[in-house]
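A.B. asks: Sequence first, predicted model second:
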Amino acid sequence: MLSKLSGRAADIDSPTRLADLLDQQAYLADEGLATACFLALRMGRPLFLEGEAGVGKTELAKTLATVLHAPLIRLQCYEGLDAAQALYDWDFARQLLHLKAAEAAGITDAAKLEGELYDRRFLIARPLLQALETQPSVLLVDEIDRGDDEFEAFLLEILSDYTISVPELGTIRASSPPVVVVTSNRTREVHDALKRRCLYHWLEHPPFDREVAILQRRLPHCSETLARQVARAAERLRGADLVKPPGIAETLDWAEALLTLGARDLDPGTAAATLGAVLKHREDQTAALRNGLFGGT
Amino acid sequence: MARDIVATMTGFARTLRAAGVAADHERTQNLLRALSALDAGVPADVYWAGRLTLCASPDDLARYDRCFTAYFGGLRAAPARPGAPVVTVTRHTAAFDGHPGTRDTEPEILATSATEAETLRHRDVAGLSAAERAEVHRLLALLGGHRSRRGSRRFTPSHRGGLDHRRTTREMLRRGGEVAALRRRTHRTRPRRVVLVVDVSGSMTPYADTLLRLAHALVRSEPRATEAFSAGTRLTRLTAELRHRDPGLAMDAASAAIPDWSGGTRLGEELKALLTLHVARGATVVIASDGWERGDAGLLGAQMARLARLAHRVIWVNPHKGHEGYEPLTAGMRAALPYIDDFVAGHSLAAFEELAERLGHA
């Protein structure tokens, strides 16, 4: 029922233990997220992470890979992503060379030639095939909502039994399935059949205290005062009905920008100077400056 | 696993289903699997195992929390209540009761000659008899066949375009390694998405039903590339309801789903809600409204500006534009006008045909 675990994953015996390991890599996971990751490892199920942009979905996959000492294999989705870019492709140039070489050597047996031409060595592994062939590995299927429904269909096929069938070659099977993290910004509803295969977790913006902790964990030079001020301002911005409220990624960028400038405090002046690190829409910047959303604790 | 845990969890899943969460059999199996990796005696473990396996969208989470408290708090959950509360709806014919032109006694089958049909095409739908409306609705259902197309990233075999490696290799093999024919491929095209927003507020009552039928025709012709919404005091997505093949059933489903018939309009806020759904990017957006904005016209203007930047084309359908001497004077209409690509009439069958034609070329 539960998947075979290899290497590092086998040592992780509880969500708390996993949260500790993530913490060592400066990723602070709450109880829900730690449980989600733990179950994904134990059950061999993909983890479907949804949430606003910049809440740390991609970062989690990266950290998970570090914790498990496994390579991260990333597949960025976009519209029109097809099998040749996601699964495998045949190396046309090398196939051509091989054909020419065979011709020069006087080989004319068509069946034999075909067998040689569609050999594993002429197959270029794209991310999904790479992930099945690499053990252990963490496969990140990033921003699946950007892909189209055709892509969802073949992803579903692969995630249900971790095999890929190449018509000319046969079926390629993963001896132990990779850890799969699928992320979505929810710009589009992903098909339910795919979600049913996965563990579903909705990532929220972190509460104030956790955000302060994350800022200090990630930016060791950041004083507690500054971290608190930045987190407080970010909280205010999220409540202010903006086109794009800042995520934790933006808050980190912002704090880093302030540190780079040598700012000790977040006052309206430094805030205005570093506005571009946290708000990326002109309307939002104007609204924030007008309503005095920056500065103070 | 202990039998009572299985029974408890199955019961919990049933409660969730009654509350509208798609906690089906497969998901319940996943929950049991998850629990065997955790501790079923710890409430937090049960909570997270259930939430991670049984929920599928942020909307599910609130329902899940309610059900969890109700079920494991020693209480029985509320009885099944499918979907949103059904609101009593003003039926489409109701708007015409007492209308001077109403001739409900007329036989349902209308014998139309060619000239009558032609006249009907240009008549304002607000002034039609029930039978004439039925005829217009029948003709409306035939619209929406053409849709403008946009380039896709996917490929299809073609005579022109870049080299198709796979097919060329296959062809060469067939000829013993001879490069005989180069196979080519080009990008496929897909229908461009149409997002239709129908104003169902009080001032639009005479046209709302006909516009929803148009929405049905558009959804039916390209189900995967059309989104339909109603706008009154809040934005309601009607795409799923309008997918019914039968226009009557689709109208009933849509009517039941719309909570705010014949109320006011807060178009600015509704467009804002529409923009957060990310359906407008690259789409042809059709807004059918008379522009009687109850809310802030400034907000409407700002949202229209964003919409115009995101959408491929913005078409505004105003039933009153077909009337002689119409001037866009309402505050909402004036705020929206600078951001509209096409400002068209929407009062007669002929006007809807023109709109459908426009969607075929836009």
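C.D. replies: Done, it's in.

A.B. asks: from here on, contacts and neighbour counts on C-alpha atoms
C.D. replies: OK.

A.B. asks: pretty sure residue B:331 contacts residue B:291?
C.D. replies: Yes. Taking Cα atoms under 8 Å as the definition, residue B:331 is a contact partner of residue B:291 at 7.5 Å.

A.B. asks: can you give me the strands in chain A?
C.D. replies: Under the criterion DSSP state E, strands of chain A are mapped to A:47-51, A:72-76, A:88-90, A:123-125, A:138-142, A:163-166, A:170-173, A:179-184, A:199-203.

A.B. asks: the more surrounded of residue B:331 and residue B:291?
C.D. replies: Counted by other Cα atoms under 10 Å in any protein chain shown, residue B:331 and residue B:291 do not tie: residue B:291 has more neighbours, with 28 against 17.

A.B. asks: which residues does the residue nearest to residue A:75 when sequence neighbours are not counted bridge with?
C.D. replies: When the adjacent residues along the chain are set aside, residue A:75 lies closest to residue A:141, with 4.9 Å between them (Cα to Cα, 6 or more residues apart in numbering or on different chains). The residues listed as beta-bridge partners of residue A:141 by DSSP bridges are residue A:75, residue A:182.

A.B. asks: Run a quick neighbour tally on residue A:193.
C.D. replies: Using other Cα under 10 Å, residue A:193 has 11 neighbouring residues.

A.B. asks: What's the separation between whichever residue of chain A sits closest to chain B and residue B:163?
C.D. replies: Evaluated by Cα to the nearest Cα, chain A has residue A:80 as its residue closest to chain B, separated by 4.3 Å. Taking Cα to Cα, to the nearest Å as the measure, residue A:80 and residue B:163 are separated by 18 Å.

A.B. asks: Please, where are all the helices along the chain?
C.D. replies: Went with chain A since none was named. Counting by DSSP state H, chain A has these helices, from start to end: A:15-24, A:31-43, A:57-67, A:83-86, A:92-104, A:110-117, A:127-133, A:149-161, A:192-197, A:208-218, A:224-238, A:248-260, A:268-273, A:282-290.

A.B. asks: Chain B is the one I meant
C.D. replies: Counting by DSSP H, the helices of chain B are B:3-18, B:25-37, B:43-54, B:58-72, B:114-122, B:130-140, B:165-174, B:205-221, B:247-257, B:267-276, B:297-310, B:331-336, B:349-361.

A.B. asks: Make TSV out of these and add distance to chain A and mean pLDDT.
C.D. replies: Formatted as TSV, the helices of chain B follow (distance: least, Cα to the nearest Cα, whole Å; pLDDT from 0 to 100):
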stretch	distance to chain A	mean pLDDT
helix B:3-18	14	89
helix B:25-37	6	91
helix B:43-54	5	91
helix B:58-72	7	87
helix B:114-122	38	69
helix B:130-140	29	81
helix B:165-174	6	82
helix B:205-221	17	89
helix B:247-257	19	88
helix B:267-276	8	90
helix B:297-310	10	91
helix B:331-336	18	90
helix B:349-361	22	85
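
A.B. asks: Could you identify which of the ones you listed is most buried?
C.D. replies: The highest mean neighbour count among the helices of chain B belongs to helix B:205-221 (a mean of 25), with neighbours defined as mean count of other Cα atoms under 10 Å in any protein chain shown.

A.B. asks: who's in contact with residue B:298?
C.D. replies: With contact taken as Cα atoms under 8 Å, 6 or more residues apart in numbering or on different chains, residue B:298 is in contact with residue B:335.

A.B. asks: what do you get if the cut-off is 10 Å, keeping everything else the same?
C.D. replies: With Cα atoms under 10 Å, 6 or more residues apart in numbering or on different chains as the criterion, the residues that contact residue B:298 are B:268, B:304, B:331, B:332, B:335, B:336.

A.B. asks: quick one: contacts for the residue nearest to the last one when sequence neighbours are not counted?
C.D. replies: For residue B:336, ignoring the flanking residues on the chain, the nearest one in space by Cα to Cα, 6+ apart is residue B:301 at 5.3 Å. Counting by Cα under 10 Å, 6+ apart, residue B:301 touches B:267, B:268, B:307, B:331, B:332, B:333, B:334, B:335, B:336, B:337, B:338, B:339.

A.B. asks: For chain A, what is the nearest residue in the stretch 51-200 of chain B?
C.D. replies: Of all residues in the stretch 51-200 of chain B, residue B:153 sits closest to chain A, at 4.3 Å by Cα to the nearest Cα.

A.B. asks: Would you agree that residue is in contact with residue A:151?
C.D. replies: No. Residue B:153 lies out of contact with residue A:151 (Cα atoms under 10 Å); the separation is 11.9 Å.

A.B. asks: between these two, who's got more neighbours?
C.D. replies: Each of residue B:153 and residue A:151 has its neighbours counted (other Cα under 10 Å); residue A:151 has more, 18 against 14.

A.B. asks: thought residue B:293 was touching residue B:268?
C.D. replies: Yes. Using Cα under 10 Å as the test, residue B:293 is close enough to residue B:268 to be in contact (7.9 Å).

A.B. asks: which neighbours do the two share?
C.D. replies: Among the neighbours of residue B:293, those also in contact with residue B:268 (Cα under 10 Å, 6+ apart) are B:300, B:332.

A.B. asks: which residues touch the residue lying closest to residue B:217 once chain neighbours are set aside?
C.D. replies: In space, not counting the residues next to it along the chain, residue B:217 is nearest to residue B:141; the distance is 5.1 Å by Cα to Cα, 6+ apart. Taking Cα under 10 Å, 6+ apart as the definition of contact, the neighbours of residue B:141 are B:213, B:214, B:215, B:216, B:217, B:218, B:220, B:221, B:246, B:247.

A.B. asks: For the strands of chain A, give me a markdown table that also has mean pLDDT.
C.D. replies: Written out in a markdown table, the entries for the strands of chain A read as follows (pLDDT from 0 to 100):
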| stretch | mean pLDDT |
| --- | --- |
| strand A:47-51 | 94 |
| strand A:72-76 | 96 |
| strand A:88-90 | 91 |
| strand A:123-125 | 93 |
| strand A:138-142 | 95 |
| strand A:163-166 | 90 |
| strand A:170-173 | 90 |
| strand A:179-184 | 95 |
| strand A:199-203 | 94 |
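
A.B. asks: Of all those strands, which one is nearest residue B:121?
C.D. replies: Evaluated over the strands of chain A, closeness to residue B:121 peaks at strand A:179-184, with 46.5 Å, by Cα to Cα.

A.B. asks: Packing partners of the closest one?
C.D. replies: Packing partners of strand A:179-184 (3 or more Cα pairs under 10 Å, 6 or more residues apart in numbering or on different chains; DSSP states H and E): helix A:31-43, strand A:47-51, helix A:57-67, strand A:72-76, strand A:138-142, strand A:199-203.

A.B. asks: List the buried residues for it?
C.D. replies: Judged by neighbour count (16 or more other Cα atoms under 10 Å in any protein chain shown), strand A:179-184 contains these buried residues: A:179, A:180, A:181, A:182, A:183, A:184.
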